[in-house]
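Student: What would the 3D arrangement of this be:
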Amino acid sequence: MKTGCLMTAAAVIVSISLLGTPVHAAKCDRQCLVKMMPDYLVDTAKHDPKAVPFAADVKFTENSDKTIERLQLGKGLWQTASAGPSNFAIYAADPKLQSVACLAMMKENDKDIYLGARLKLEKGKIAEAEHIVFRGSTHKGTLEKPRRELLEDVPKNERMKHDQLAKIGTTHDVALTGADGTLAPMAKDCERHGNGMITAGGNPVPKAKPIPTGAKPNPEMEKIAHSMAAFPRDGTGQTSTGTFAYITEGKPRRMVVADEQKGLAVGFSMSDHTGDLKVQKFTGVPGITEMPAPSQRFNPPAVHFFKIRKGQLHEMEAIGVSLPYGTLSGWETPENMNVR
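Tutor: Numbering: from 1, shown residues only. Next up, the predicted model:
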């Protein structure tokens with residue numbers, strides 16, 4: 001009898017001790033992944049990496065204003081984040097790849113920042129963590145609350161398979177660098193936001209205002225200003241004009257999440273802006289056929305969330321940062337990286 005009581009007591013003690021110890025499954029299901037990211041962001045603002053199930057050899061990268069670095073846990077936003085996430089937060093989870101990503105507004109040293117982040121698990125522990133932080137001025141009106149469509153589930157009978165979502169997600173970069181909007185299946189209502197600014201779709205660009213009396217005219221700028229209103233606003237038409245021809249190459253392209261339930265494909269990318277293009281030519285824009293191309297040399301790491309319904313790209317939400325030319329993402333491999 002005493003032996004049985006002792007065994008029962010021991011079992012209770014063991015059970016209690018296990019309740020206080022995080023137990024991480026070898027594989028995280030969708031619910032587990034969806035919960036992990038907001039918890040991760042809250043713990044980041046608390047400066048408490050010990051609360052997060054990191055693998056012993058976790059790789060963690062984050063950008064500053066000058067570069068992207070591999071950091072030790074506890075550095076970067078783990079030191080400087082002061083609140084987050086706000087009401088603007090979009091999450092995408094991928095049980096197949098054991099990955100989860102987000103776009104979220106947070107605070108760093110009590111100032112607003114826009115964060116694109118991803119986590120990748122191995123055996124229930126976070127083996128990879130990546131932060132892309134935009135610290136510049138954003139268009140806050142579009143970053144107070146996510147567009148409803150980005151948060152909604154896709155009806156079960158319309159859900160696309162994992163690999164189909166990932167494949168469609170990669171077409172956007174191909175269309176931009178190829179200056180051919182037909183290379184990506186952008187829907188007519190496709191609206192792209194970048195750092196909170198509407199960059200495709202939405203309302204037409206207003207016509208240029210008359211030059212104020214007494215102001216010195218600038219014929220070239222007047223021509224450009226009036227012509228901007230003539231640029232197509234739809235994603236397909238805009239891309240086909242050659243607007244993005246100054247992007248020399250997109251590399252690496254990594255589709256890190258394909259969320260079948262939400263119809264989201266998430267890509268992390270790094271583009272080359274070499275500044276080699278001197279004249280940018282345009283097609284299908286009344287009043288303008290060419291203009292000087294951007295001369296800056298830089299590399300912008302970016303995160304794109306693509307909402308895909310019935311095989312078409314609809315809502316796009318993106319974050320991008322301008323870094324010195326030659327900056328690497330920290331995640332290049334022989335498979336996704338061409339020689340510079």
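
Student: thought residue 295 was touching residue 275?
Tutor: Yes - using Cβ atoms under 8 Å, residue 295 is in contact with residue 275, at 5.0 Å. Just so you know, the C-beta spots here come from the backbone N, C-alpha and C atoms, and that holds for glycine as well.

Student: More neighbours: which of these two?
Tutor: residue 275 (15 against 11; other Cβ atoms under 10 Å).

Student: Report the secondary structure state of the more buried one.
Tutor: What DSSP: H, G, I helix; E, B strand; the rest coil gives for residue 275 is coil.

Student: Can you pull the phi and psi angles for it?
Tutor: Backbone geometry at residue 275, expressed as degrees, to the nearest 10, gives phi 80, psi 10.

Student: And for residue 296?
Tutor: Per degrees, to the nearest 10, the backbone of residue 296 is at phi -70, psi 140.

Student: And for it, the neighbour number?
Tutor: Residue 296 has 11 nearby residues by other Cβ under 10 Å.

Student: Is it in contact with residue 274, as I believe?
Tutor: No - with contacts counted by Cβ under 8 Å, residue 296 stays clear of residue 274, the gap being 9.7 Å.

Student: middle-most residue in this structure, spatially?
Tutor: residue 303 (2.3 Å; Cα atoms, centre = their mean).

Student: Any figure for the gap between it and residue 310?
Tutor: 24 Å (Cβ to Cβ, to the nearest Å).

Student: Could you do residue 31 as well?
Tutor: 26 Å.

Student: Same question for residue 192.
Tutor: 18 Å.

Student: neighbour count winner among those two?
Tutor: residue 192 (22 against 11).

Student: who does the strand or helix carrying that one pair up with?
Tutor: Remark: residue 192 resides in strand 186-194, with elements defined by DSSP states H and E. In the sheet, strand 186-194 lines up against strand 197-200 (antiparallel), strand 312-320 (parallel) (DSSP bridges).

Student: Okay, buried residues for stretch 98-107 please.
Tutor: Neighbour-count burial for stretch 98-107, counted by 16 or more other Cβ atoms under 10 Å, picks out 98-107.

Student: Can you give the distance from that stretch to the centre of its chain?
Tutor: Here stretch 98-107 is found 8 Å from its chain centre; the criterion is Cα atoms, centre = their mean, to the nearest Å.

Student: Poorly predicted segments of the stretch 101-250 of the chain, please.
Tutor: Low-confidence segments of the stretch 101-250 of the chain, defined by pLDDT under 70: 203-229.

Student: if you set the cut-off to 50 instead, what comes out?
Tutor: 208 (pLDDT under 50).

Student: Show me the strands in it, by range?
Tutor: Applying DSSP state E, counting those that start in this stretch to the stretch 101-250 of the chain gives strands spanning 111-122, 125-134, 186-194, 197-200, 249-259.

Student: Looking at those, which is nearest to residue 93?
Tutor: Taking Cβ to Cβ as the criterion, strand 249-259 is the member of the strands of the stretch 101-250 of the chain that comes nearest to residue 93, at 5.6 Å.

Student: Each with direction, which strands does that closest one pair with?
Tutor: Counting by DSSP bridges, strand 249-259 is paired with strand 264-272 (antiparallel).

Student: Mind checking the strands paired with strand 186-194 for the one nearest to residue 157?
Tutor: Short answer: strand 312-320, nearest of those by Cβ to Cβ, at 16.5 Å.

Student: For the residue nearest to residue 77 when sequence neighbours are not counted, grab the count of nearby residues.
Tutor: In this structure, residue 77 finds its nearest non-sequential neighbour in residue 44, 5.4 Å apart by Cβ to Cβ, 6 or more residues apart in numbering. By other Cβ under 10 Å, 26 other residues sit near residue 44.

Student: Please look at residue 44 and residue 78 and confirm they touch.
Tutor: Yes - between residue 44 and residue 78 there is a contact under Cβ under 8 Å: 5.8 Å.

Student: Quick check: nearest residue in space to residue 163, chain neighbours excluded?
Tutor: residue 258 is the one closest to residue 163 (Cβ to Cβ, 6+ apart), at 7.3 Å.
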